[in-house]
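*Asks:* Make a model of this:
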Amino acid sequence: MNKEKTYRYYLIYIKPEYYSLIPDQYKSSLNNSFTMLYAYTDNKKYLKKFLEYRNENYYYIIKKDLSREDINFLCKDYQNYIIRKKKVTSRYDVTKSYDKDFYITEKEHNITLNFIYHILSEDIWLLSYDSSIDIFTDEYKEILTILRFNKLHNRLNEGNLNFSDFMTPDFIGSYIEIFKSILI
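*Replies:* Numbering: from 1, shown residues only. As a prediction, the model looks like this:
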């Protein structure tokens, strides 16, 4: 008798009592809200890193040996819930950024990138549209100069804008802003 080969996976579920804490953008894409699968991985190191900055009381983890067929189903129907190691940029002050390995689901990553894009493409435009650094006090002018607000304002008004030239978004800060209710 030939036993089918299985592979160890870690399935991370959100406990039902904490489901309301998940950001709406994440909830809307859950295929089956009864199972509340939040994330999965076959890499134990990724699991540990993923849980490092999350409140473990909100989740339960099931170790499960899956067949190839099970894995195909998981990857097809829950492809955005796989935990990946992403190199992301963050800041520890307004003038310095750094890269960090961050363990995150594809869905969390995409939601965070959309949040950053929205801020960079819409909210900053509203902040700087038809404004000048001259309307601010000297204290704020200094901060805005550090943030390169004037350059941003000029580029927006010229219609020639490439954010990577002057601004590095804070991915981790944005992530925390979105998912703070389920973090430590």
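
*Asks:* Give the residue spans of the protein that score low on pLDDT.
*Replies:* By pLDDT under 70, the low-scoring segments of the chain are 1-2, 28-35, 91-97, 119-137, 139-169, 184.

*Asks:* quick one: the helices in it?
*Replies:* Remark: helices assigned in the chain by DSSP state H are 24-27, 44-52, 68-77, 106-118, 124-128, 138-146, 149-158, 171-179.

*Asks:* Which elements pack onto the third one?
*Replies:* Just to be clear, that refers to helix 68-77. In terms of contacts (3 or more CB pairs under 8 Å, 6 or more residues apart in numbering; DSSP states H and E), helix 68-77 is packed against strand 7-14. For every residue, glycine as well, the C-beta is placed using N, CA and C.

*Asks:* Go through stretch 16-31 and flag the buried ones.
*Replies:* Under the neighbour-count criterion of 16 or more other CB atoms under 10 Å, stretch 16-31 has 18, 21, 22, 23, 25, 26, 30 buried.

*Asks:* Kindly report the same for stretch 72-91.
*Replies:* Residues 74, 78, 80, 81, 82, 83, 86, 88, 90 are the ones in stretch 72-91 that count as buried (16+ other CB under 10 Å).

*Asks:* Over to stretch 63-72?
*Replies:* Buried residues in stretch 63-72, counted by 16+ other CB under 10 Å: residue 66.

*Asks:* Other residues contacting that stretch?
*Replies:* The contact list for stretch 63-72, computed with CB atoms under 8 Å, 6 or more residues apart in numbering, reads 4, 5, 6, 7, 8, 9, 10, 11, 74.

*Asks:* What's the end-to-end length of it?
*Replies:* In stretch 63-72, first residue to last residue: 17 Å (CA to CA, to the nearest Å).

*Asks:* How about stretch 72-89?
*Replies:* 32 Å.

*Asks:* same question, stretch 19-26
*Replies:* For stretch 19-26, the first and last residues are 10 Å from each other (CA to CA).

*Asks:* do stretch 18-37 as well
*Replies:* Termini of stretch 18-37 sit 12 Å apart (CA to CA).

*Asks:* One more: stretch 20-40?
*Replies:* Start-to-end, stretch 20-40 (CA to CA) is 20 Å.

*Asks:* hey, C-alpha coordinates of stretch 79-86 in CSV?
*Replies:* Output in CSV follows, covering the C-alpha atoms of stretch 79-86 (Å, rounded to 0.1, in the frame of the first residue of the first chain):
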residue,chain,number,x,y,z
GLN,A,79,-3.3,32.5,-2.2
ASN,A,80,-3.2,36.0,-0.6
TYR,A,81,-3.0,34.5,2.9
ILE,A,82,0.4,32.9,2.6
ILE,A,83,3.1,34.4,4.8
ARG,A,84,6.0,35.8,2.9
LYS,A,85,9.2,37.5,3.9
LYS,A,86,9.1,41.0,2.3
